[in-house]
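Q: Need coordinates for the below:
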Amino acid sequence: MGKDASPNIAPIESRTVRNVDPCRTPVSRVELRSAIGRAYRRVTGQAPSSSMLDTLTAQASLETASGSRMYNFNFGGVKGAGPHGQTANCMTHEVIGSHDTVVRQGFRAYASIDEGAEDYVRLLSGRFGGAMSKAQTGDLDGFAHALKTAGYYTASESDYASALHSLSGQPASAATNGLRPAPTTAEALATAGSNYSTADDLSRVLDALSSSALRIAGPAHDDST
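A: Residues are numbered from 1 along each chain as shown. So this is what the prediction gives:
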């Protein structure tokens, strides 16, 4: 899987792909966590551990600016068509080589927060099981590494892991710090506090980070927001 690859790996099968308008669907972090918990129970038949919920909520928060920049209830900026064939064309940042490039991509679109959360959990459980096993124990560095290895994102692994630590309220580990020869602006921002109090605070961190291959930047007509 290439550096600009994304988890667009679920087969479309025989369903018809239907384009829908990009629609911002802002939710709170509490709503993100609750929806992920409900989805995990439906997908696995088991209750998620607190560590699992903390990890997935942090990751969904990173990908959606704590829910404030969520589009079409897409939790992880997953490309392709949703279970009912819906896709929304948005502008997104791709890190190709060392360059941050803005391109238009089709992203899975959902009718509700629960539909989006369930597809998100199914995708992680099926395609990124190694990452989910790390999430089960709250191993954020292992989670970030497994996602990186599987091609989920193109950002710096240390930046991505640091942001997860900050969003979950956990200090960056020595192992994460050891990945870096020297601190950068992105690293300093990502480790500045245990939580981001506002969407603007998180947006500044996301802008400093090498953008995830899956992060929705917004539809073409909404670039200023």
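
Q: which residues of the chain score low on pLDDT?
A: Within the chain, the segments meeting pLDDT under 70 span 1-15, 92-101, 173-225.

Q: repeat that with 50
A: Counting by pLDDT under 50, the ranges of the chain that qualify are 1-14, 175, 178-218, 220-225.

Q: in it, which spans are strands?
A: 18-20, 86-96, 99-108, 216-218 (DSSP state E).

Q: buried ones in the first one?
A: Burial within strand 18-20, assessed by neighbour count using 16 or more other Cβ atoms under 10 Å, is assigned to no residue. No exception for glycine: its C-beta is placed from N, CA and C like everyone else's.

Q: Report all helices and strands that it contacts.
A: strand 86-96 (3 or more Cβ pairs under 8 Å, 6 or more residues apart in numbering; DSSP states H and E).

Q: ditto for the third one
A: Using 3+ Cβ pairs under 8 Å, 6+ apart as the contact criterion, the secondary-structure elements in contact with strand 99-108 are strand 86-96.

Q: mind running it again at 10 Å?
A: The criterion is 3 or more Cβ pairs under 10 Å, 6 or more residues apart in numbering; DSSP states H and E, and the helices and strands that strand 99-108 contacts are strand 86-96, helix 113-127, strand 216-218.

Q: measure S156 to L53 for me?
A: For S156, the distance to L53 equals 26 Å [Cβ to Cβ, to the nearest Å].

Q: And T87, by the same measure?
A: To L53, T87 is 28 Å away according to Cβ to Cβ.

Q: Now do the contacts for the closest residue to R108 other than its chain neighbours.
A: Sequence neighbours aside, G82 is the residue nearest to R108 in space, at 4.1 Å (criterion: Cβ to Cβ, 6 or more residues apart in numbering). By Cβ atoms under 10 Å, 6 or more residues apart in numbering, G82 lies in contact with 10, 15, 17-18, 20, 72-74, 88, 107-111, 115-116, 119.

Q: hang on, the earlier thing: want to try CSV for the helices and strands packed on strand 99-108, with mean neighbour count and distance to A144 as columns?
A: Shown next, in CSV, are these (neighbours: other Cβ atoms under 10 Å; distance: least, Cβ to Cβ, whole Å):
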stretch, mean neighbour count, distance to A144
strand 86-96, 20, 15
helix 113-127, 21, 13
strand 216-218, 21, 19
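
Q: Out of the ones you listed, which gets nearest to A172?
A: strand 86-96 (21.1 Å; Cβ to Cβ).

Q: just the helices in this protein please.
A: With DSSP state H as the criterion, the chain has helices at 29-44, 50-64, 113-127, 129-136, 140-149, 157-168, 174-178, 185-190, 199-208.

Q: just checking, what packs against the longest one?
A: Translated: helix 29-44. helix 50-64, helix 113-127.

Q: List the buried residues in that helix.
A: So helix 29-44, judged by 16+ other Cβ under 10 Å, has buried residues 29, 32-40, 43.

Q: Can you get me the start-to-end distance on stretch 124-142?
A: Using Cα to Cα, to the nearest Å, the end-to-end distance of stretch 124-142 comes to 14 Å.

Q: please begin residue numbering at 750 from this point
A: Sure thing, new numbering starts at 750, so read that last one as stretch 873-891.
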